[in-house]
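Asker: Curious how this folds, go ahead:
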Amino acid sequence: STSHALPRAFEDDLRIYIRIIWFILFVTATGACSYFIITNVLTYLKYSTTTSININRESPTHFASVTFCNLNPFNFKRSKLYIDMVIDNNNLSFVRRLSASNLINKTSYQLTTELLDLIRSSVFSNQSLSDQERYNMGFTLNEMLVSCFYDNHVCNSSLFTTSITYDYGNCYTFNGDSSNIMTTTKSGQFSGLQMELFVGNSLIDESFTINRGIYVVVHNQSVIPLYRDEGLSAPTGFQTNIAISRTFISKLASPFSSCVDGTSATSYNSELYQIIFNQLKMNTYRQKFCYKLCYQKFIKKECNCTDVALPNVDSKIAPCTTSKQLKCSLDATEKFEKSPVTSQCASDCPLECDQINYQTSVYLSNYPTDYYSNMLQMQPNLINKFTKNSTNTSQIKDNVVKLNIFYQDLTYTIISDSEEYSIYSLWANIGGYLGLFLGISLLSLTETIIFTIMLFDLIITHLVSKCKKKPKEHVKPKEETKNQNKPNTVRFNKV
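Answerer: Model prediction:
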């Protein structure tokens, strides 16, 4: 063998004390080698990762998707009849002639939000209403879009897609088609998306609302925005500049972390995870969305109804529409956060390994100036939205929002994980320790394997040879056997 120490311990030509020394050295080296190998194996089994941060620049680069909604979900002219019906059906006619006595037990905010929730839940749970009828209750894109520019080029309604949401009614997404993503080559507020948006006539459309303006979510094309968790509000009377930057996060899946790939139903085995792909038919998994399904499950158990604002896949359970049910749904939030169900949600809803996050920086400036207001008052597609002869600077400030959404810089950040100690490093270190302490190499191990094979071959050959040489039992002829079985007789001759 090419290994050291052990062959010397059994070498006949050496004195006995020399052989003992060699044997002691062999045992000591074997112990040290075993310690270091076990330490390295345990280090590998920790599955530690190293996080690296890189900053890159790309031009041209994909522009983000921008979804905006009116903070007022209802066009009062077209939805008044339905809203009145909801109010009357719930015996809330007093809201049309509020007095101080109505606010003894509730604040103005509580009363307004509860009423708005009641109207929204009725609209979205009423199966007799078509999507078109729900759409007509809100503000259309043509009503809201006063002007639109992207990279200093005029853009129109064909670049937007429509979705109907519980919180804000009609929402519109710019650059939402993942198969045809728009690009930009410049950063700065004049190279992104610029829009002037009409939010409704404050003299008519502000019933049952608390604030006026636009809700904006900047997101990736592959995800559905979660309006209650993401986004920001842009108020009327201001130009809202939203500078965006991107961060790409890539983590290693099991066994290095508890995150999942999130691109197929087979990546993780939990009921809620499977629902996202198999029943909701989504292409990309998001932990936030999964948590909403888990919260919906909790509300169904607590209130025996489903929250219309949350995703639902159980059509057998009726939606929460009455004041009592809506209050139960609201109270369930606090119970949910304190209940052990949250730990089960954490188990059923792992974090996704790959994310694209958009960070926003917001700057406000007064809008419009008196000069520009006079210009707007001559713009036909804005003036016809107001009552005749009622347009002035104050009205425009109250009803128009200016949005600028752009890249602050064309650089982006990549945060990625990599193995801190790979399987290749483990094998290399094991080989190094075997060579350092025992002088054993890969070829030495091969010698051991060949010796073992030869030993087995020798044993098998010996056993086969032994079986072949085993003597057979002697079988006597039948005649001889018959004679042996006959009794002996003695014949006497006569004399």
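Asker: buried sites along stretch 113-122?
Answerer: Buried residues in stretch 113-122, defined by neighbour count with 16 or more other CB atoms under 10 Å: 114-122. Yep, even glycine has a C-beta here, placed from its N, CA and C like the rest.
Asker: repeat for stretch 407-427
Answerer: Neighbour-count burial for stretch 407-427, counted by 16+ other CB under 10 Å, picks out 407-408, 410, 412, 416-417, 421, 426.
Asker: what sits up against that stretch?
Answerer: Outside of stretch 407-427, the residues within contact range by CB atoms under 8 Å, 6 or more residues apart in numbering are 40-41, 43-44, 46-59, 61, 63, 184-188, 191-192, 243-252, 256-257, 361.
Asker: Repeat the analysis, applying 6 Å as the threshold.
Answerer: Contacts of stretch 407-427 with the rest of the structure, by CB atoms under 6 Å, 6 or more residues apart in numbering, involve 40, 43-44, 48-55, 57, 59, 61, 187, 243-252.
Asker: Filter these down to just the buried residues.
Answerer: Buried by 16+ other CB under 10 Å: 40, 44, 49, 61, 187, 243-246, 248-249, 251, out of those.
Asker: need the strands for the stretch 1-150 of the chain, in chain order.
Answerer: Using DSSP state E, counting those that start in this stretch, the strands found in the stretch 1-150 of the chain span residues 49-57, 61-62, 65-70, 145-150.
Asker: what's the answer for the stretch 201-350 of the chain, then?
Answerer: Going by DSSP E, counting those that start in this stretch, the stretch 201-350 of the chain shows strands at 213-219, 232-235, 238-250.
Asker: for the last one, what is the average pLDDT?
Answerer: If I follow you right, that is strand 238-250. Confidence for strand 238-250, expressed as mean pLDDT, is 96.
Asker: Same question for the second one.
Answerer: Averaged over strand 232-235, pLDDT sits at 95.
Asker: sorry, back to before: now the buried ones among the contacts of stretch 407-427 as a markdown table including distance to residue 85?
Answerer: Listed next are the buried ones among the contacts of stretch 407-427 as a markdown table, based on distance: CB to CB, whole Å:
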| residue | distance to residue 85 |
| --- | --- |
| 40 | 73 |
| 44 | 67 |
| 49 | 58 |
| 61 | 50 |
| 187 | 50 |
| 243 | 45 |
| 244 | 42 |
| 245 | 47 |
| 246 | 46 |
| 248 | 49 |
| 249 | 48 |
| 251 | 51 |
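Asker: and which of the residues you listed is nearest residue 444?
Answerer: When the buried ones among the contacts of stretch 407-427 are compared for distance to residue 444 (CB to CB), residue 40 comes out closest, at 19.3 Å.
Asker: Tell me which residues touch the closest one, please.
Answerer: Residue 40 sits in contact with 426, 429, where contact means CB under 6 Å, 6+ apart.
Asker: switch to 10 Å and redo it
Answerer: If you count contacts by CB atoms under 10 Å, 6 or more residues apart in numbering, residue 40 has them with 421, 425-430, 432-433.
Asker: low-confidence ranges in the stretch 351-495 of the chain?
Answerer: Low-confidence regions of the stretch 351-495 of the chain, defined here as pLDDT under 70, cover residues 388-390, 469-495.
Asker: at 90 instead, please
Answerer: By pLDDT under 90, the weakly predicted segments of the stretch 351-495 of the chain are 377-395, 431, 434-495.
Asker: Confirm residue 356 sits in a strand?
Answerer: Yes: under DSSP: H, G, I helix; E, B strand; the rest coil, residue 356 sits within a strand.
Asker: ok, it to residue 53 distance?
Answerer: 16 Å (CB to CB, to the nearest Å).
Asker: Could you do residue 120 as well?
Answerer: With distances defined as CB to CB, the gap from residue 120 to residue 53 amounts to 42 Å.
Asker: How about residue 225?
Answerer: Using CB to CB, one gets 26 Å for the distance from residue 225 to residue 53.
Asker: And for residue 333?
Answerer: If you go by CB to CB, the gap between residue 333 and residue 53 works out to 36 Å.
Asker: how about the helices of the stretch 301-450 of the chain, start to end?
Answerer: Under the criterion DSSP state H, counting those that start in this stretch, helices of the stretch 301-450 of the chain are mapped to 323-338, 341-348, 370-376, 380-383, 393-399, 423-438, 442-468.
Asker: now the angle from the longest one to helix 423-438?
Answerer: Between the axis of helix 442-468 and that of helix 423-438 there is an angle of 80 degrees, by axes from the mean of the first three to the mean of the last three CA atoms, to 10 degrees.
Asker: buried ones in helix 442-468?
Answerer: residue 444.
Asker: Make 617 the starting number, not 1.
Answerer: Fine by me, first position is 617 from now on; the one you just mentioned is helix 1058-1084.
Asker: just checking, what packs against that helix?
Answerer: helix 1039-1054 (3 or more CB pairs under 10 Å, 6 or more residues apart in numbering; DSSP states H and E).
Asker: Off-centre distance for the helix it packs on?
Answerer: Between the mean C-alpha point of helix 1039-1054 and the mean C-alpha point of its chain there is a distance of 39 Å (CA atoms, centre = their mean, to the nearest Å).
Asker: Extract the C-alpha set from it and format it as CSV.
Answerer: As requested, the backbone C-alpha atoms of helix 1039-1054 are provided in CSV (Å, rounded to 0.1, in the frame of the first residue of the first chain):
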residue,chain,number,x,y,z
ILE,A,1039,-19.8,19.3,-2.2
TYR,A,1040,-16.7,19.8,-4.4
SER,A,1041,-14.9,21.7,-1.6
LEU,A,1042,-15.9,18.9,0.8
TRP,A,1043,-14.4,16.2,-1.3
ALA,A,1044,-11.3,18.2,-1.9
ASN,A,1045,-10.7,18.8,1.8
ILE,A,1046,-11.3,15.1,2.6
GLY,A,1047,-8.7,14.1,0.0
GLY,A,1048,-6.3,16.7,1.5
TYR,A,1049,-6.7,15.4,5.0
LEU,A,1050,-6.3,11.8,4.0
GLY,A,1051,-3.1,12.7,2.1
LEU,A,1052,-1.7,14.9,4.8
PHE,A,1053,-2.2,12.6,7.8
LEU,A,1054,-2.2,9.1,6.2
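Asker: top helix in the protein by residue count?
Answerer: When the chain is parsed with DSSP state H, its longest helix is helix 632-661.
Asker: what lines up beside the strand of greatest length in the chain in the sheet?
Answerer: Across the chain, the longest stretch assigned as strand under DSSP state E is strand 1016-1035. When pairing is defined by DSSP bridges, strand 1016-1035 lines up against strand 665-673 (antiparallel), strand 809-814 (antiparallel), strand 854-866 (parallel).
Asker: okay, that strand in CSV with CA atoms only?
Answerer: Output for strand 1016-1035, consisting of C-alpha atoms alone and laid out as CSV, is shown next (Å, rounded to 0.1, in the frame of the first residue of the first chain):
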residue,chain,number,x,y,z
VAL,A,1016,-56.7,66.7,-11.7
VAL,A,1017,-53.6,64.8,-10.7
LYS,A,1018,-50.2,65.1,-12.5
LEU,A,1019,-48.0,61.9,-12.4
ASN,A,1020,-44.4,61.4,-13.5
ILE,A,1021,-43.0,57.9,-13.1
PHE,A,1022,-39.4,57.3,-14.2
TYR,A,1023,-36.2,55.5,-13.4
GLN,A,1024,-34.0,57.4,-11.0
ASP,A,1025,-31.0,55.6,-12.6
LEU,A,1026,-30.7,52.8,-15.2
THR,A,1027,-28.6,50.8,-12.7
TYR,A,1028,-30.1,47.9,-10.8
THR,A,1029,-29.0,45.9,-7.8
ILE,A,1030,-28.7,42.1,-7.8
ILE,A,1031,-28.7,40.3,-4.4
SER,A,1032,-27.9,36.6,-4.9
ASP,A,1033,-27.0,33.7,-2.7
SER,A,1034,-24.4,31.1,-3.5
GLU,A,1035,-23.1,28.0,-1.6
